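Undergrad: Sequence below, structure please.
(2 chains)
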Amino acid sequence: GAVVSQHPSWVICKSGTSVKIECRSLDFQATTMFWYRQFPKQSLMLMATSNEGSKATYEQGVEKDKFLINHASLTLSTLTVTSAHPEDSSFYICSAREQGWGAFFGQGTRLTVV
Amino acid sequence: GQQLNQSPQSMFIQEGEDVSMNCTSSSIFNTWLWYKQEPGEGPVLLIALYKAGELTSNGRLTAQFGITRKDSFLNISASIPSDVGIYFCAGQRNEKLTFGTGTRLTIIP
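TA: Reported below is the predicted structural model:
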């Protein structure tokens, strides 16, 4: 199957700072990538759809100015959590879909804001 | 956001037993996917189903795409310790995935 790499795997940051998470498709090109958030013992909730070369599409209730998404190339999307607060602590996961296959996920990034 | 109804929520079974879980939705999906997630990791794709009525196997795993396109089931035969984890179904429509609530599988030694 296709490989999606996410970096970093975990990050601890101070409240008020910004954190960038990278998502790369390693062996295929992805015009669309997706960002999810997962709270402990819960399912994945879609935050936004990242479109290469255009603006991301955010799900209802997700602040676009809080969660900045950039999809600058066919293999890289980034999610920046701006002015992070403790309530932003969560497990963030990206996915990319290879044509003809299902969606493949990165290994996730655990963000802890202290 | 919307979530699919997945059951059971958790299962405690003995090694060697078969496992069955299912997912239902009030709306139609074009594709059904089954994932397994282990602690601290992203979900790993197990099986993808693309046609209503399709029955697909992957080793000891078998999944079916319901005829109505509103449901799917996953069976695991002869469970082994490494089957432990959380299983999620996901329905796909227009490239977006909607996930089920998850089934936590525990194997009793």
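Undergrad: Name the helix or strand for the residue nearest the centre of chain A, please.
TA: Nearest to the geometric centre of chain A sits residue A:35, at 3.8 Å (Cα atoms, centre = their mean). Assigned by DSSP states H and E, residue A:35 belongs to strand A:32-38.
Undergrad: for that strand, packing partners?
TA: strand A:19-25, strand A:44-51, strand A:67-73, strand A:76-81, strand A:90-97 (3 or more Cβ pairs under 8 Å, 6 or more residues apart in numbering or on different chains; DSSP states H and E). Where you see a C-beta, it was placed from the backbone N, CA and C, and this is true even at glycine.
Undergrad: in the third one, what counts as buried?
TA: If you call a residue buried by 16 or more other Cβ atoms under 10 Å in any protein chain shown, then strand A:67-73 has these buried ones: A:67-69, A:71.
Undergrad: related to what we said a few turns ago, may I have the strand holding residue A:35 as PDB, with CA atoms only?
TA: Taking Å, rounded to 0.1, in the frame of the first residue of the first chain, the C-alpha atoms of strand A:32-38 are listed here in PDB:
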ATOM      1  CA  THR A  32      -6.100  16.100  -2.000                       C
ATOM      2  CA  MET A  33      -5.100  15.300   1.600                       C
ATOM      3  CA  PHE A  34      -7.200  15.300   4.700                       C
ATOM      4  CA  TRP A  35      -6.600  16.400   8.300                       C
ATOM      5  CA  TYR A  36      -8.300  14.700  11.200                       C
ATOM      6  CA  ARG A  37      -8.400  15.200  14.900                       C
ATOM      7  CA  GLN A  38      -8.900  12.400  17.400                       C
END
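Undergrad: before we move on, back to that, among the buried residues of strand A:67-73, show me the least confident.
TA: Of all these, residue A:71 carries the smallest pLDDT score, 90.
Undergrad: how about that one, what does it touch?
TA: Going by Cβ atoms under 8 Å, 6 or more residues apart in numbering or on different chains, residue A:71 touches A:33, A:50-54, A:56, A:77-78.
Undergrad: Can I get the buried part of those residues as one PyMOL selection?
TA: The following PyMOL command selects only the buried members of those, with burial defined by 16+ other Cβ under 10 Å:
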select buried, chain A and resi 33+50+52+56+77+78
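Undergrad: how about the nearest residue to residue A:54, chain neighbours excluded?
TA: The shortest distance from residue A:54 to any non-neighbouring residue, by Cβ to Cβ, 6 or more residues apart in numbering or on different chains, is to residue A:71 (7.9 Å).
Undergrad: How about the lengthiest strand in chain B and chain A, touching?
TA: Longest strand in chain B, counting residues (DSSP state E): strand B:85-93. Yes. Using Cβ under 8 Å from any Cβ of the partner chain, a contact is recorded between strand B:85-93 and chain A, made by B:88, B:90, B:92.
Undergrad: Can you list the strands that that strand pairs with?
TA: Here strand B:85-93 has these sheet partners by DSSP bridges: strand B:31-37 (antiparallel), strand B:96-99 (antiparallel), strand B:103-108 (antiparallel).
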